[in-house]
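Novice: sequence below, structure please.
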Amino acid sequence: MNLNAILARVDIERIYQNVLKLEGVKHPIDTPAKLREAGVAISAELASYGLPVRAQEFRLDGWDDTFRNIEAWIGAEDEPAAVLINHYDTVSTTPGANDNAAGLAVMLEAARVLATESDIPAIRFVSATLEEGLPPTAKAAIRKSALQHGLTDARGRYTSQRTAQIMKAHFSLMVAGIEAGKSVRDALADARTKLQDQLTDAISEHLQTVEAAHDGLTTASAIGVTGKIGSGRWVDEAVATGKQIAFAICLDEIGTTSKREHSQHLPAGVSYGMMQTYKVDSEREVGDWAFVLADPAGAPVARAFCNYCKHDSIDLAHAFFQMPDFETIAAHYPQAFGSDHAPFWRAGIPAIFAFDTANWRNPYGHSMADTIDRLDFEHITRICKATIATLIDRSLRG
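Specialist: Model (predicted):
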């Protein structure tokens, strides 16, 4: 196996074209046909590389549609496999070029490059649905509540500037609560309490509906229930059927960089001194590096990924932050559960998460401004190469 020759086949133009094809709102309520079409397109693209492909179908209580995770693989199905996972759905307010067409594009390019290689270990390419937030039944109930209470119009817009301000403040307080280690349910309730003097009866009643959607859930048990639904189903099935998984790499929101000073912020409780860094300008706080998270089991995978980032043909600036055990993450760093690596961590499967730090750098997340013209394709291509190198590293199979 010639790693340099394999990495030389990564094509930045193909990555760009994949994002171009996949950009667009793919939402279970607002654009269900587009969500289904994206799954079909991903399946067809993977099959065009000569890979076996399957759709893992599942239903949700109270909802008519069938949802699908897409999976393709290289190597024997009974061999310990590395998993490259991402999600293909979006929230309703974004075309999702960065979140997560960029991650999808890397998965497709990695699959294309490796599909013709004969001397590599087993790999599974998984594209999950319903990563973004609550299941559609709960989302629909919350939308109905906002409309009935006169807080939004039929297009989902707030009906007054005051309502918009209060809801924005509520969201900020909720995020701060989660970053402080509270469950989503408790963070929501505390945010409502702090704003109580400003709330109308209608807003207060609506916020209690939002809280009810998270009743009975801890930060850990919410994984796969109020987000990461598709990946949670895939991991649950893999464990139940005895699939051998060596490790997983999750790519989500990987493509935004900035060369401006002070363009980079860090999550609450995290400092540069807590991370292993390479070519990160922490003094000027420049946001042009990849952020790699791993739990203790995934740390060897993260270290290998970071070592490959220093390869002459990759040279990817990055920071690696090793997380504590699952229970400590749930109690103190719940924001680290923010993508499809979380079900793997919960199942005790080594996994890493590579991303661009999301809202700590990128102001356009979950907005209509998340478009292809804002992506750094040189950066994305470097991530693709580091991912490929890690996926085919036999030393990580234990």
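Novice: C-alpha from now on. contacts and neighbour counts both.
Specialist: Fine.
Novice: okay, residue 113 and residue 87: tell me how far apart.
Specialist: According to CA to CA, to the nearest Å, residue 113 stands 20 Å off from residue 87.
Novice: okay, these two: which has more neighbours?
Specialist: residue 87 (27 against 17; other CA atoms under 10 Å).
Novice: show me what contacts the nearest residue to that one once chain neighbours are set aside?
Specialist: Distances taken as CA to CA, 6 or more residues apart in numbering place residue 128 nearest to residue 87, at 4.5 Å, with adjacent residues excluded. Applying CA atoms under 8 Å, 6 or more residues apart in numbering to residue 128 gives the contacts 68, 69, 70, 85, 86, 87, 88, 89, 230, 231, 234.
Novice: do the same with residue 245
Specialist: With CA under 8 Å, 6+ apart, residue 245 has these contacts: 80, 81, 82, 83, 349.
Novice: residue 243: neighbour count?
Specialist: The burial count for residue 243: 15, using other CA under 10 Å.
Novice: can you show me the helices along the stretch 1-150 of the chain?
Specialist: 3-8, 12-22, 32-48, 102-114, 136-148 (DSSP state H, counting those that start in this stretch).
Novice: give the next helix or strand downstream of the last one.
Specialist: This means helix 136-148. helix 161-179 (DSSP states H and E).
Novice: report the separation between residue 12 and residue 356.
Specialist: From residue 12 to residue 356 the distance is 18 Å (CA to CA).
Novice: and for residue 263?
Specialist: 12 Å.
Novice: for these two, indicate the residue with more neighbours.
Specialist: residue 356 (26 against 17).
Novice: tally of neighbours for the spatially closest residue to that one that is not a sequence neighbour?
Specialist: Leaving aside its sequence neighbours, residue 356 sits nearest to residue 254 (CA to CA, 6+ apart; 4.8 Å). If you count neighbours by other CA under 10 Å, residue 254 ends up with 28.
Novice: what sits against residue 254?
Specialist: 98, 102, 103, 290, 354, 355, 356, 380, 383.
Novice: what's the burial count for the nearest residue to the fifth one once chain neighbours are set aside?
Specialist: Closest residue in space to residue 354, ignoring its immediate chain neighbours: residue 292 at 4.5 Å, by CA to CA, 6+ apart. In terms of burial, residue 292 registers 26 neighbours under the definition other CA under 10 Å.
Novice: surely residue 292 is in a strand?
Specialist: Yes. Counting by DSSP: H, G, I helix; E, B strand; the rest coil, residue 292 is found in a strand.
Novice: got a pLDDT number for it?
Specialist: pLDDT, residue 292: 98.
Novice: now do it against residue 81, distance only.
Specialist: Taking CA to CA, one finds residue 292 at 21 Å from residue 81.
Novice: and for residue 96?
Specialist: 29 Å.
Novice: so between these two, which is more surrounded?
Specialist: residue 96 (30 against 25).
Novice: isn't that one right up against residue 90?
Specialist: Yes. With contact defined as CA atoms under 8 Å, residue 96 reaches residue 90; the gap is 6.0 Å.
Novice: any residues in contact with both of the two?
Specialist: In contact with both residue 96 and residue 90: residue 25, using CA under 8 Å, 6+ apart.
Novice: ok, residue 345 touching residue 326?
Specialist: Yes. Using CA under 8 Å, residue 345 is in contact with residue 326, at 6.8 Å.
Novice: so what sits against both of these two?
Specialist: Residues touching both residue 345 and residue 326 comprise residue 295, with contact defined as CA under 8 Å, 6+ apart.
Novice: give me the element residue 303 is part of.
Specialist: helix 299-309.
Novice: swap in residue 246?
Specialist: Residue 246 belongs to strand 245-251, assigned by DSSP H and E.
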